[in-house]
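Chemist: pasting the sequence and the predicted coordinates here, then a few questions.
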Amino acid sequence: MFRIRRVFDGVLPRDARTVEQVQALLRERFPGVEEKEIRQIPAMLRDPLHHRFRAVLFVAESADKLAGFALMLHVPDVGFCWLDYVAAQPGSAGRGVGAALYDRVREEARFLGGIGLFFESLPADPEFCMDASLRKENRARLRFYERFGVRIVANTKYETPLIDEPAPCPPHLLFDPYTAKKPLGRKDAQQVVRAILERKYGGRCPEGYVDMVADSFRDDPVRLAEPRYATPAPPPAAQVSPQIALTVNDRHEIHHVRERGYVESPARIDAILKKIEPSGLFERLRVQGYPLRHVTAVHDPGMVGYFRAVCARLGEKEAVYPYVFPIRNQARPPRELPRRAGYYVIDTFTPLSRNAFLAARGAVNCALTAADSLLDGQRLAYALVRPPGHHAERRAFGGFCYLNSTAVAANHLSEFGKVAVLDVDYHHGNGTQDIFYERADVLTISIHGHPNGAYPYFSGFASERGEGQGRGFNMNLPLPDGVDGEAYRTVLAKALKRLARFGPRFLVIALGLDTAKGDPTGTWRLTPTDFEKNGRMLGRLCLPTLVVQEGGYRTSSLGPNALAFFRGLSEGTRERTRNMECAE
Ligand SMILES: [Zn+2]
């Protein structure tokens, strides 16, 4: 088995290693390629504008080893894609690596739109290629592409050798009609050919050569040769390439407080999952287990130990509600476990049950698995979890939250670069604020209902700005009741300005959907359209982004709002990628 992923740049150590492997494979499989061209691949990935095209690199990997790669160039000013290389490791023939990579490339080209996908392939016709042994290999390659419905551009002088060679074998120009919305027009084809010959072959074309080839395109639409080497398969149904890694806490149901009015219920996850999964936007990942040290890195080990121990000794139907709060004599936690609850909790409605710890731990594992997918090169990831976590502070839980999954994941990512956490839940993310309050490498921003009227009441004021080294790295944007989408976005824009100034390597979004119209715990009036717009604004930041599910309690609108948010998020990311505005 192998997996295909996109490598956006070589910034992360893992990606840098992958790019090196790609370069090695390129050298091995295409010995004619100049070393200079191979060396510039990392720069092409990093700095698209300089090269006037954007390199898109897909790699196929099997157990962390490179099985193959495809390098495509996107030329947005002319509006086409050019496939530079597809290569599989020697010995991997028959595993379908090449076909899977080509499939991924054409889906991307189809998404990017414009004139379509082009590339070159060497001829198998004795008229163009004299070397019989070469012709055999070339025929196999053309057969491979023709099966996809790719066609040779016919009746032009594209196959004119560049320089006088003793045994020339100039390539055909190929076009994949699946990637185009309309037949290939003459003018479009001429522009494509000019761009390729000028930008890619640069100084190597003799004078007048580019004009000669471009002028040789006479047919309109351009004539495409009938397939000669294979019978094309019917084109696949258009599909959305999944681009958001999804982890779901499938152990969430074991935590169920069956009390009237306890709105944090298992139905919340199911409502979201039912709506988002059929969209094709998500690719579900298997959740990995992580050691507890990830949790104790952000929570007081005493609290974590207590939480684990008290849950383990409870019966199936038992629950512990805190009733003594030793706020004065903190050096003397009550000895008996049930009585000690108030020592670690901020409110009276976050009961402890036998499965609360296991469920919260499952949520943490989901958030960490999703965070790790960003380190693997995924751009967007979503941990769909409950119980939520953002109210859990370093040494106190509450607000339906036990372990702060958002903070655990943000802390993990912070080992690889600066992290911005944006909390968009209706309620202030007091836990996340508390955990990172003295840190300058994790910026925390929260937009929420003003604590004068909204939970948690004691935290979330604009004057809380961080302490010590973290001074200036916490931003609270409390808002009044009744906020609508437009007013919300004005404030969101302000948050994003601060975020951009911080220049994070990763973005973590604590996604509360309780800002929605009709939520029983909120007063704001956001609609699906608003969630889509907000998502788009965040997607346009072009940052590797982890979204962790927090609150949201109106079950009937959770699904539509979540889907709208992620549509916006992925569209925002893609929009800017399409326009080459992301520095990737
Ligand atoms: Zn909330």
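Modeler: Perfect, thanks for sending it. Predicted, not measured: the structure shown is a model, and the values here were computed from it.

Chemist: and the stretch 451-584 of the chain, which of its residues are near the ion?
Modeler: Within the stretch 451-584 of the chain, the positions lying close to the ion (CB under 5 Å from the ion) are Gly512, Asp514, Gly551. Glycine gets a C-beta too; all of them are placed from N, C-alpha and C.

Chemist: these two touch, right, the last one and Asp514?
Modeler: Think Gly551. Yes - Gly551 is within contact range of Asp514, at 4.3 Å (criterion: CB atoms under 8 Å).

Chemist: contacting residues around the residue nearest the centre of the chain?
Modeler: Among the residues of the chain, the one closest to the centroid is Leu380, at 1.9 Å (CA atoms, centre = their mean). Going by CB atoms under 8 Å, 6 or more residues apart in numbering, Leu380 touches Gln243, Ile244, Ala245, Gly539, Pro544, Thr545, Val547, Phe566, Leu569, Ser570, Thr573.

Chemist: just name the closest of those residues to Ala16, please.
Modeler: Among those, Pro544 lies closest to Ala16 (CB to CB), at 15.2 Å.

Chemist: what does stretch 214-227 rub up against?
Modeler: 146, 151-158, 175, 177, 183-187, 189-190, 193-194, 197.

Chemist: how about low-confidence regions in this protein?
Modeler: Scanning the chain for pLDDT under 70 picks out the ranges 48-51, 93-94, 164-167, 236-242, 577-584.

Chemist: and the residue of it nearest the ion?
Modeler: Relative to the ion, the nearest point of the chain is Gly551 (2.8 Å; CB to the ion).

Chemist: how about the residue lying closest to Ala440 once chain neighbours are set aside, what does it touch?
Modeler: Spatially, and ignoring its direct neighbours in sequence, Ala440 is nearest to Gln469 (4.7 Å; CB to CB, 6 or more residues apart in numbering). For Gln469, the contacting residues are Glu438, Arg439, Ala440, by CB under 8 Å, 6+ apart.

Chemist: tell me, how many neighbours does the first one end up with?
Modeler: Translated: Glu438. 14 (other CB atoms under 10 Å).

Chemist: what's the answer for the second one, then?
Modeler: Arg439 is flanked by 19 other residues according to other CB under 10 Å.

Chemist: wait, what's in contact with it?
Modeler: Ser414, Gln469, Gly470, Phe473.

Chemist: ChimeraX command for the buried members of these?
Modeler: Only the buried entries of those go into this ChimeraX selection, using 16 or more other CB atoms under 10 Å:
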select :414,470,473
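
Chemist: now, the most widely separated pair of the contacts of Arg439?
Modeler: Taking CB to CB, the two most distant members of those are Ser414 and Gln469; they sit 13.5 Å apart.

Chemist: what about the strands in the stretch 1-150 of the chain?
Modeler: All strands of the stretch 1-150 of the chain, identified by DSSP state E, counting those that start in this stretch, fall at 3-7, 54-62, 65-75, 80-88, 116-121.

Chemist: picking up where we left off before, which of the contacts of stretch 214-227 count as buried?
Modeler: The buried subset of the contacts of stretch 214-227 - by 16+ other CB under 10 Å - is 146, 151-153, 156, 158, 175, 177, 184-185, 189-190, 193, 197.

Chemist: which of the residues you listed fall in strands?
Modeler: Arg151, Ile152, Phe175 (DSSP state E).

Chemist: and which of the residues you listed is nearest Leu83?
Modeler: When those are compared against Leu83 (criterion: CB to CB), the nearest one is Phe175, at 10.8 Å.

Chemist: you'd agree the closest one is up against Arg151?
Modeler: Yes - shown here, Phe175 and Arg151 form a contact pair, counting by CB under 8 Å, at 5.8 Å.

Chemist: could you show which parts of this protein are in contact with the ion?
Modeler: Asp425, Tyr426, His427, Gly512, Asp514, Gly551.

Chemist: can I get these in a markdown table with neighbour count?
Modeler: A markdown table is the format used below for those (neighbours: other CB atoms under 10 Å):
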| residue | neighbour count |
| --- | --- |
| Asp425 | 29 |
| Tyr426 | 27 |
| His427 | 29 |
| Gly512 | 26 |
| Asp514 | 27 |
| Gly551 | 27 |
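
Chemist: hmm, back to that, and which of the residues of the stretch 451-584 of the chain next to the ion is nearest to Arg328?
Modeler: Gly551 (31.2 Å).

Chemist: output stretch 153-172 as PDB, nothing but the C-alphas.
Modeler: Extracted in PDB, the C-alpha atoms of stretch 153-172 (Å, rounded to 0.1, in the frame of the first residue of the first chain):
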ATOM      1  CA  VAL A 153      -1.700  17.100 -30.500                       C
ATOM      2  CA  ALA A 154      -1.700  16.500 -34.200                       C
ATOM      3  CA  ASN A 155      -0.900  18.400 -37.400                       C
ATOM      4  CA  THR A 156       1.600  20.900 -35.900                       C
ATOM      5  CA  LYS A 157       5.400  21.300 -36.100                       C
ATOM      6  CA  TYR A 158       5.800  20.700 -32.400                       C
ATOM      7  CA  GLU A 159       8.000  17.600 -33.200                       C
ATOM      8  CA  THR A 160      10.600  19.700 -34.800                       C
ATOM      9  CA  PRO A 161      14.000  18.900 -33.200                       C
ATOM     10  CA  LEU A 162      15.600  21.700 -31.300                       C
ATOM     11  CA  ILE A 163      19.100  21.300 -32.600                       C
ATOM     12  CA  ASP A 164      20.600  19.100 -35.200                       C
ATOM     13  CA  GLU A 165      21.100  15.700 -33.700                       C
ATOM     14  CA  PRO A 166      22.300  12.500 -35.400                       C
ATOM     15  CA  ALA A 167      19.300  10.500 -34.200                       C
ATOM     16  CA  PRO A 168      16.700  13.000 -33.000                       C
ATOM     17  CA  CYS A 169      13.700  11.800 -31.100                       C
ATOM     18  CA  PRO A 170      11.700  15.000 -30.400                       C
ATOM     19  CA  PRO A 171       8.700  14.700 -28.100                       C
ATOM     20  CA  HIS A 172       5.000  14.900 -28.900                       C
END
